[in-house]
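Trainee: kindly return the folded structure for what I paste below:
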Amino acid sequence: MSNAEAHPIEIECKHGPDAPAIDRQLIEIITSREVPLGGPRAMPVRRTLPQRKRSLIGAWCFADHYGPDDVARTGGMDVAPHPHTGLQTVSWLFAGEIEHRDSKGVHAMVRPGEVNLMTGGHGICHSEVSTPETTVLHGLQLWIALPENSRDAPRNFEHYVPPAVAIEGGSARVFLGSLVGSQSPVHTFTPLLGAELTLEPRATVRLEVDTAFEHGVLVDTGAVRLEDVDGVDLARADLGYIGTGASTLTLTNRTDETARTVLLGGEPFGEEIVMWWNFVGRSHDEIEAFRAAWQAESDRFGKVDGYQGAVARLPAPALPNARIKPRKNPPSDARR
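Mentor: Numbering: from 1, shown residues only. From the prediction side, this is the model:
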């Protein structure tokens, strides 16, 4: 998915002990902001990452949560070919179907419960279009920042259908990393976790997690209480953040209906990155070079065959007039 903002901000992100400390509860609640994705009637998405409060969770650097979207009303998703550098994209659907095409030559469908991961280190471009059969579109688009030693990785694409694993109080589908005895074969360049969790009505789910990871719990449906020393209530579209050091996570569904969440986790990234539009780099000058290469239709990104939208490719927005000051993540220790 493209960042469709007309004036995307440049963001510098860094974990580390020099990041400014802030007074906050043990569990942070990160709320989303609405962003129009584009298309004839501007399908809205809820952007949870990056935020001023927190830019990364592990290497997860971008999270758009959308739907349930009535395609007849909004026009659905039609994102023309657009570029990426320095990242992997993860597509995860709850409802609907999206047609994916990329410059590696991959033509694939994104369907509910099936993860598609695309690697665009050195450069890639792709398009995403909801299919004519789709009436409701509902899902997540996530980005993973690549570390320095892998950020020039070649184009790649992986598809995986994780099994639903029964756990006490619900079920889990682990699409990245490992949890509840389920292991995803999909390759990432830093230790990560991604899983869809379903909670039965009024049920409590307890999960053993890696203490080296920080975690985020994004609520898709229902109302969920995230327990710790001082538990917090998460409403739909909220993301609850838990820093490193936690060995268990406890989630309680506070409703009489089934609740659904997505759990994201990873080791603190530990590297400074610059994000702007669809690029992840290390400096303003590098982002400027990526933009110029895309505008010049450089071979760095290749071409998408078969896309039949109103425009052949998305033009890059104008760069900001000034460099943006670094935006640093607060410390990631849960026991602060």
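Trainee: wait, Arg236 touches Ala223, no?
Mentor: Yes - between Arg236 and Ala223 there is a contact at 7.3 Å, judged by C-beta atoms under 8 Å. All C-beta atoms are positioned from the backbone trio N, CA, C, and that covers glycine.
Trainee: next, show the common contact partners of those two.
Mentor: None of the residues lies in contact with both Arg236 and Ala223 under the rule C-beta atoms under 8 Å, 6 or more residues apart in numbering.
Trainee: show me what contacts Ala59?
Mentor: The neighbourhood of Ala59, defined by C-beta under 8 Å, 6+ apart, consists of Ile144, Ala145, Leu146, Pro147, Thr188, Phe189, Thr190, Leu192, Gly266, Phe269.
Trainee: what's the answer for Asp305, then?
Mentor: The neighbours of Asp305, taking C-beta under 8 Å, 6+ apart as the test, are Arg101, Gly105.
Trainee: that one is in what secondary structure piece?
Mentor: Under the assignment given by DSSP states H and E, Asp305 is not contained in any helix or strand.
Trainee: now it: how far from Glu168?
Mentor: Between Asp305 and Glu168 the distance is 48 Å, computed by C-beta to C-beta, to the nearest Å.
Trainee: what's the answer for Thr244, then?
Mentor: Taken as C-beta to C-beta, the spacing of Thr244 relative to Glu168 amounts to 25 Å.
Trainee: which of the two has more neighbours?
Mentor: The residue with the greater number of neighbours, taking Thr244 and Glu168 and applying other C-beta atoms under 10 Å, is Thr244; the counts read 20 against 10.
Trainee: in the sheet, who's paired with that one?
Mentor: Using DSSP bridges, the bridge partners assigned to Thr244 are Asp333.
Trainee: element containing the residue nearest the centre of the chain?
Mentor: If you average the C-alpha coordinates of the chain and look for the closest C-alpha using C-alpha atoms, centre = their mean, you land on Leu142, 1.9 Å from that point. When elements are defined using DSSP H and E, Leu142 is found to belong to strand 136-145.
Trainee: CA atoms only: put whichever helix or strand comes after that strand into CSV for me.
Mentor: Once the chain leaves strand 136-145, the next helix or strand it forms, by DSSP H and E, is strand 156-160. Coordinates of the C-alpha atoms in strand 156-160 are reproduced here as CSV (Å, rounded to 0.1, in the frame of the first residue of the first chain):
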residue,chain,number,x,y,z
ASN,A,156,11.2,-10.8,-3.2
PHE,A,157,7.7,-12.1,-2.5
GLU,A,158,6.4,-14.7,-0.1
HIS,A,159,2.9,-16.2,0.5
TYR,A,160,1.9,-18.2,3.5
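Trainee: in strand 156-160, what's buried?
Mentor: Within strand 156-160, the residues that count as buried by 16 or more other C-beta atoms under 10 Å are Asn156, Phe157, Glu158, His159.
Trainee: who's in contact with the last one?
Mentor: Residues near His159 by C-beta under 8 Å, 6+ apart: Ala108, Glu114, Val115, Asn116, Leu117.
Trainee: likewise the second one?
Mentor: By C-beta under 8 Å, 6+ apart, the residues touching Phe157 are Asp102, Lys104, Val106, Ala108, Asn116, Leu117, Met118, Thr119.
Trainee: okay, now the unreliable bits of the stretch 151-300 of the chain?
Mentor: Judged against pLDDT under 70, the low-scoring parts of the stretch 151-300 of the chain cover residues 228-230.
Trainee: how about a cut-off of 90?
Mentor: Along the stretch 151-300 of the chain, the model assigns pLDDT under 90 to residues 227-231.
Trainee: number of residues surrounding the nearest residue to Val224 once chain neighbours are set aside?
Mentor: Among residues not flanking Val224 along the chain, Leu234 sits closest, at 4.9 Å (C-beta to C-beta, 6 or more residues apart in numbering). When neighbours are counted by other C-beta under 10 Å, Leu234 registers 25.
Trainee: and for the one 3 residues further on?
Mentor: Applying other C-beta under 10 Å, we find 16 residues neighbouring Ala237.
Trainee: from memory it sits against Arg46, does it?
Mentor: Yes - distance between Ala237 and Arg46: 5.0 Å, which falls inside the contact criterion (C-beta under 8 Å).
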